[in-house]
Structure formats: structure tokens, C-alpha cells
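[1] Got a predicted structure here, sequence first:
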Amino acid sequence: MAQKTTTLTSGTVPLTAEALAPLSNPYYEAWRRLQKNKASVIGLIVIAFFTFVAIFANFLAPHNALKYTPSNSYRPPMWVKSADPASADDPTKNGKAEFPLGTDTIGRDVLSRTIYGARTSMMVGLIPTIIIIIIGTTLGMISGYAGGWIDNLLMRFTDIIYAFPDLLFFIILLTALRDTWIGQLMNGLFLLFVALAIVSWTGTARLVRGQVLALKEKDFVEAARAIGAGPIHIMLRHLLPNSLAPILVAATFRVPQSILLEAILGFIGVGVRPSTDPSAFFLTSWGVMLLEGRDAIYSQVWLLIAPAICIALIMLAFTFVGDGLRDALDPMMKGQA
């Protein structure tokens with residue numbers, strides 16, 4: 001049977017379901033543009049790598065991250081060898097293949113602890129971001145669509161939360177509740193999730209409110225009202241889908257901010273609690289590793305290099321993906337590429 005064709009300005013092409021589907025899907029076009037952004041592709045690969053490491057940390061870590069081996073304390077990375085024959089047996093001057101990235105003050109393997117730290121950092125980046133996006137999107141959409149005194153009330157509340165210094169709030173809350181039952185859940189991660197959710201949603205709420213204010217007077221929203229659609233239906237079926245692009249971009253930038261915040265809080269000693277239970281899901285974090293290596297920064301710098309590089313890589317990766325998403329989802333770029 002002859003294949004049905006259609007005539008376009010550039011000539012005659014086959015008219016098939018496969019050919020038409022991408023043309024009718026703006027997210028496919030955005031994904032195609034994102035794939036052409038080399039920095040974003042590299043970022044996605046790095047994120048996928050750290051996600052894999054976080055999920056399979058139990059199988060990838062060469063040692064128990066909590067195992068003490070005092071005889072191997074302060075052992076440097078495996079490529080470090082002393083040129084002095086008299087120091088050939090000194091573990092602090094000679095690396096060992098058994099510990100590729102060296103050991104810390106009490107002989108724990110740095111590589112294993114870095115691998116387990118990826119699990120904590122990825123969870124800190126993703127779970128609070130999901131909570132923040134849900135809270136911010138809900139309040140921003142209600143505020144923008146309702147208008148009037150509801151909008152004024154919610155925005156003034158948002159301004160109050162936004163005005164309070166985030167870092168100071170985290171330090172006060174985490175210090176005050178650190179020894180309570182809620183501060184001990186998930187080695188302190190649960191309390192960190194709560195702290196992030198309380199104050200970090202304001203930017204998303206303002207962003208979504210602005211989107212809703214621009215969309216709610218559009219013809220498609222007026223048409224939905226004309227056929228009797230209620231506010232919830234309009235917000236969920238019309239306003240939310242058309243606001244997804246900036247929300248996704250905001251979420252992508254929110255993840256590295258949360259990861260960096262956890263590292264800062266861990267470095268000053270109020271972040272995740274170091275675990276003493278080898279079976280615990282969260283054994284350590286990159287911020288805790290920086291804290292533990294702080295006193296040896298001049299003599300055993302490798303204790304800080306591994307977690308610092310990991311933090312930098314994951315933050316750059318999410319930033320690259322966020323930049324790529326912003327460009328790919330930009331309506332002004334439609335038709336380019």
C-alpha cells in the first residue's frame with residue numbers, strides 16, 4: 001500500500017505517527033535542545049554516576065566505612081610513597097593499594113566514607129527540594145489565582161519568612177533540637193529536612209505566583225471558567241502544566257543549594273550526626289568528612305580533597321543541567337536548533 005504523504009515547504013515527506021508525535025510535543029523539542037547542550041549532558045552523566053554510587057554504596061565501598069584500624073591511621077593515598085628508605089615502613093608516609101584515597105585519623109577508609117557520603121548528600125539535595133517545590137507551588141498558585149486579601153496575606157507571610165536569615169535559623173533550630181527524639185531521627189537528617197522545608201519555599205512561591213498572575217487572564221483560562229470549571233480544576237489542569245518549565249528549572253538549582261548547605265552545617269558541627277551503627281543507611285556525609293579533616297588540613301590534606309571535589313562536581317552538574325533546562329524550555333527558543 002502506498003504511504004500517505006503531505007506537502008511541506010521543503011518538499012514531500014512521509015506522514016507517519018512517529019514523524020508527527022515529536023512535532024506535537026513541546027517537551028520532546030526541549031529534550032532535543034537539552035541533548036545538544038554539551039555541558040548539560042555532562043551534568044546529567046555526573047548526576048547519574050553519583051545517583052548510582054548512592055544507591056549501591058553498600059556494594060561499591062571496599063571497606064566498612066566505620067571500621068577502625070589504628071595501625072593504618074593517617075595513611076596517605078596509594079600513589080604516595082616515601083623516597084626515604086628509613087620511612088619505608090611508616091604508614092603515615094606510604095600509601096597502600098588497600099586504601100586508594102588513604103585513611104583518616106583512626107584508620108577509616110576515606111574512599112568508603114566518600115561513597116557513603118554520596119548517599120546522604122543526594123538525599124539532602126532531592127527530598128527537601130521535592131518538599132520545597134510542593135509547598136512553594138501550592139502557596140504560590142493559591143496566592144496568584146485567588147488574589148485580593150488572600151494574596152496579600154500569603155505574600156506578607158512569605159516576606160516574613162524570606163526576611164529571616166536562613167543559615168542562622170538552621171543553626172538555631174538544629175542546635176536546639178539536636179538532642180531531642182526528632183533531632184536523632186535518621187541521624188539528624190529528618191530535622192534538616194524539616195528546617196529546609198520551613199524557610200526555603202519562599203522563592204518558589206514567588207516564582208509560581210508570578211506565573212499564575214500572567215496566565216490566569218489568558219483565553220484558555222477564561223474558556224475553562226466559561227464552561228464551569230472550578231478553581232481547583234483550573235489550577236491543576238491549566239495553570240500548573242503551563243508553569244512547569246520555570247518550576248523544573250528552580251528545582252534543579254535548589255538541589256545543589258541544599259547539598260552545599262548540608263556541607264556547611266556538617267562542617268560547623270550541627271549537620272548530620274556521624275553514625276556508630278554499621279547497618280545504618282546514613283553513615284556519614286561529605287560535610288562531616290570536611291569537619292573531621294579540618295584539624296589535619298596542613299598535614300593530611302587528602303582527608304578534605306575527596307569530599308570537596310565531590311561537592312564541587314555535584315553542584316556544577318546540577319548547575320549545568322539547570323542552565324540547560326532553562327534554555328531548552330525557554331519559549332523564545334522554539335523553532336531554533
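    Now that the structure is in, tell me what you want to look at. Computed from a predicted model, the values in this text were never measured in an experiment.

[2] Give me the buried positions along the longest helix seen in the chain.
    Determined from DSSP state H, the single longest helix within the chain is helix 110-146. Buried positions in helix 110-146, judged by neighbour count with 16 or more other CB atoms under 10 Å: 110-129, 131-133, 135-146. Any C-beta I mention is one placed from the backbone N, CA and C, and that applies to glycine too.

[3] try stretch 57-72
    57, 61, 63, 65-66, 69, 72.

[4] wait, which of the residues you listed is closest to P256?
    A57 (20.2 Å; CB to CB).

[5] about what we covered before: just the buried residues of stretch 57-72: which are in helices?
    Reading helices off the buried residues of stretch 57-72 with DSSP H, I get A57.

[6] quick one: contacts for L44?
    By CB atoms under 8 Å, 6 or more residues apart in numbering, L44 lies in contact with 317, 321.

[7] And for D166, the neighbour number?
    17 (other CB atoms under 10 Å).

[8] Apart from its neighbours in sequence, what residue is nearest it?
    Computed as CB to CB, 6 or more residues apart in numbering, the closest residue to D166 that is not its neighbour in sequence is V199, at 5.6 Å.

[9] May I ask you to confirm that the one you found is in contact with L167?
    No - using CB atoms under 8 Å, V199 is not in contact with L167; the gap is 10.0 Å.

[10] Tell me which of these two has more neighbours.
    Each of V199 and L167 has its neighbours counted (other CB under 10 Å); V199 has more, 16 against 11.

[11] which residues of the chain score low on pLDDT?
    Confidence mapping of the chain against pLDDT under 70 gives the ranges 1-27, 82-92, 331-337.

[12] Which residue would you name as the spatial centre of it?
    V255 (2.5 Å; CA atoms, centre = their mean).

[13] what sits against the closest residue to that one other than its chain neighbours?
    Spatial nearest neighbour of V255, excluding adjacent residues (CB to CB, 6+ apart): G125 at 4.1 Å. Neighbouring residues of G125 by CB under 8 Å, 6+ apart: 255-256, 258-259, 262, 314, 318.

[14] can you tell me the distance between the two ends of stretch 157-176?
    24 Å (CA to CA, to the nearest Å).

[15] list the contacts for the residue nearest to S143 when sequence neighbours are not counted?
    Nearest residue to S143, sequence neighbours excluded (CB to CB, 6+ apart): L154, at 4.1 Å. Contact partners of L154, counting by CB under 8 Å, 6+ apart, are 139, 142-143, 205.

[16] can you redo the residues you listed as TSV with distance to K96?
    Below are these laid out as TSV (distance: CB to CB, whole Å):
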residue	distance to K96
L139	54
I142	59
S143	59
A205	52
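
[17] mind listing the helices for the stretch 101-250 of the chain?
    Per DSSP state H, counting those that start in this stretch, the stretch 101-250 of the chain carries helices over the ranges 110-146, 148-163, 166-176, 181-184, 189-199, 202-215, 219-226, 231-234, 240-267.

[18] how about the ones you listed in a markdown table, adding distance to P278?
    Formatted as a markdown table, these follow (distance: least, CB to CB, whole Å):
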| stretch | distance to P278 |
| --- | --- |
| helix 110-146 | 10 |
| helix 148-163 | 39 |
| helix 166-176 | 25 |
| helix 181-184 | 18 |
| helix 189-199 | 18 |
| helix 202-215 | 38 |
| helix 219-226 | 56 |
| helix 231-234 | 48 |
| helix 240-267 | 20 |
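
[19] quick one: which of those helices is nearest S40?
    Comparing the helices of the stretch 101-250 of the chain by CB to CB, helix 240-267 comes nearest, at 10.0 Å.

[20] List the contacts of the residue nearest to the centre of the chain.
    Per CB under 8 Å, 6+ apart, neighbours of V255: 125-126, 129, 318.

[21] Ok, P274 next?
    Neighbours of P274 in contact, by CB under 8 Å, 6+ apart: 187, 283-284, 288, 292.

[22] PyMOL command to pick out the buried ones of these?
    Buried members of the contacts of P274, defined by 16+ other CB under 10 Å, are picked up in PyMOL with:
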select buried, resi 187+283+284+288+292
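
[23] so can I have JSON lines of the contacts of P274 showing secondary structure and distance to V41?
    Below are those laid out as JSON lines (DSSP: H, G, I helix; E, B strand; the rest coil; distance: CB to CB, whole Å):
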{"residue": "N187", "secondary structure": "helix", "distance to V41": "34"}
{"residue": "L283", "secondary structure": "coil", "distance to V41": "32"}
{"residue": "T284", "secondary structure": "coil", "distance to V41": "31"}
{"residue": "V288", "secondary structure": "helix", "distance to V41": "32"}
{"residue": "E292", "secondary structure": "helix", "distance to V41": "35"}
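
[24] Look up the closest residue to L139, ignoring the ones flanking it.
    Closest to L139 by CB to CB, 6+ apart is A205, at 4.6 Å.

[25] how close does that neighbour sit to N152?
    Counting by CB to CB, to the nearest Å, the gap from A205 to N152 is 14 Å.
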